[in-house]
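Asks: Sequence first, predicted coordinates after that:
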Amino acid sequence: MILTQNTGIIMGPVTWLLGKIFNAIYIFFNGMGVESIALSIVIFTLVMRLILFPFNLKQTKSSKIQQYLKPEFNKITKKYKGKKDQESMLAQQRETRELQEKYGIKMTQGCLTSLLQFPIFMGLYNVIQNIPSYVPKIHALYDPIVNAISKTDGAYSILTEFVNDKSNNITRVASKLTEFSASTDFSTKEGKVIIEQIIDILYKCNDNLFMKLTDLFNANPDVGTAIAQNKDAIEKVNSFIFGINLTEAPGFKLTPAIVIPIASFVCQLLAMLVMPMAETGDPQQDAQMKSMKRSMYFMPIMSFIVTVSAPAGLGIYWATSAFISFLITVFTNIYYNHVDMEKIIEKQKEKAEKATAKRKASGKKTLSERFMEAATGQAPEQEGSTGSGNKNINKYGNMNLKNYDGYNSDNTEVEETEIKKGSPKKGSLADKANAVKRFNDSGV
């Protein structure tokens, strides 16, 4: 797949914005005489983490409030301990939800932060995969080489052979190239796309691959000359410590580049270990939270696998992001461990009360309230729904079989002939099924 600028409906605008931010950071350091994509990635990551900091702070604050209110949640748990009937379980969930609402606790806070980071990560992945398309100064380094290649007879066949050569290890990022010739008009929209496709290929080249291209294009010395004149500048902007090329994937090889996946794994693990995960007092929610935390421990393994096979530049972003997340969590934990939680709780309570009053005044209900109503069969009939199907649903939804004693709407006792020897035991599933039948026959 050729990775020119992303033009998707969702990721296109995200990638475009991130590309603009990345380009601004690169230009800033370039103006100071520092030509380093790696440094730009680190600073870019820091900027993104600062943007997401308010969400991380809210997540930590919510967890600390839950920890402080744990005795209150425990009271609810103790109240319904050992009660497994549906009515008690729903009542426990309702009281837990009301306590959470009272103090503005939102269980989805952590999910929101993760969801916000995902498009940023995917957007940066697109940017790093083809930085020349988003950073004009780097794009200019490849322009002379592309210009020479585009004027070479048979260039399309040569590049196709070069790309399909598995030993070059670039087929995974550049497996398709639009056919062109020396007579192609590269000033048109289609021609500009071809130029970007060629740059996509060149951006994946290291010293050895540039030497291969020079040999393949020996019929046109201008290609070799352009490569020789720009190769050092390209290598300079794409290099990291210990000579790591940011455009190459570290792979499972004992090279200096393997440090990046290892650092990503360690930093991601540290970030997971310090992340607060408070108990709510609701067994169902606590089980979900514990399950979520267990699944989160797969993140370090996943980060290692991804950064081993992805360009080293992306690994730097992932490792740096995880390390910054670790530091933010540590310092926010220290802050909330020394702050006056009583004052925070009181402010949070006042804020939650205002939000609840505003919501109730508007007549809106939370998602958890709707689920609770549906679970207890108290969901109101929708306006405009007058069909018999909806009426029956409401009738049976509000019916309590547990309290139905076998009497019809006229309080006339069911004929004794209906109660035959061997009737189901009262309260059993079969007895309740018979109760439903008698209820239907009563015409209520």
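Replies: Yes, it's here.
Asks: which intervals of the stretch 151-300 of the chain have sub-threshold pLDDT?
Replies: By pLDDT under 70, the weakly predicted segments of the stretch 151-300 of the chain are 171-175, 276-296.
Asks: Okay, helices next: where are they in it?
Replies: Residue ranges of the helices in the stretch 151-300 of the chain, as given by DSSP state H, counting those that start in this stretch, are 155-164, 189-203, 207-216, 221-238, 259-274, 283-296, 299-309.
Asks: who's in contact with the last one?
Replies: So the one you mean is helix 299-309. Contacts to helix 299-309, defined as CB atoms under 8 Å, 6 or more residues apart in numbering, come from residues 249-252, 258, 260-262, 264-266, 268-269, 272, 314-315, 318-319, 322. The way it works is simple: take the backbone N, C-alpha and C, and place the C-beta from them, glycine included.
Asks: The fourth one too?
Replies: Contacts of helix 221-238 with the rest of the structure, by CB under 8 Å, 6+ apart, involve 35-37, 138, 141-142, 144-145, 147-149, 151-152, 206-207, 210, 213-214, 217-218, 245-247.
Asks: again, only this time at 6 Å
Replies: The list of residues contacting helix 221-238 from outside it, by CB atoms under 6 Å, 6 or more residues apart in numbering, reads 35, 37, 138, 141, 144-145, 148-149, 210, 214, 217, 245-247.
Asks: Would you mind listing the buried residues in it?
Replies: Neighbour-count burial for helix 221-238, counted by 16 or more other CB atoms under 10 Å, picks out 223-224, 226-227, 230-231, 234, 237-238.
Asks: which one of those sits closest to Thr77?
Replies: Among these, Asn238 lies closest to Thr77 (CB to CB), at 56.7 Å.
Asks: Please report the distance of Leu254 from Ile262.
Replies: From Leu254 across to Ile262, the span is 11 Å (CB to CB, to the nearest Å).
Asks: And for Ala38?
Replies: 17 Å.
Asks: same question, Ser303
Replies: From Ser303 across to Ile262, the span is 10 Å (CB to CB).
Asks: ok so, going back, give me the buried subset of the contacts of helix 299-309.
Replies: Among those, those that count as buried by neighbour count (16+ other CB under 10 Å) are 249-250, 258, 260-261, 264-266, 268-269, 272, 314-315, 318-319, 322.
Asks: Which pair of the residues you listed spans the longest distance?
Replies: Ala249 and Met272 (24.3 Å).
Asks: now, which of the buried ones among the contacts of helix 299-309 sits nearest Ile128?
Replies: Using CB to CB, these come closest to Ile128 at Leu314, 5.0 Å.
Asks: I figured the closest one hits Val127, correct?
Replies: No. Using CB atoms under 6 Å, Leu314 makes no contact with Val127, being 9.4 Å away.
Asks: which of the helices of the stretch 151-300 of the chain sits most buried?
Replies: helix 259-274 (a mean of 20; mean count of other CB atoms under 10 Å).
Asks: what angle do that helix and helix 299-309 make?
Replies: Here the directions of helix 259-274 and helix 299-309 differ by 170 degrees (axes from the mean of the first three to the mean of the last three CA atoms, to 10 degrees).
Asks: Return the distance of helix 259-274 from the chain's centre.
Replies: For helix 259-274, the separation from the chain centroid amounts to 18 Å (computed by CA atoms, centre = their mean, to the nearest Å).
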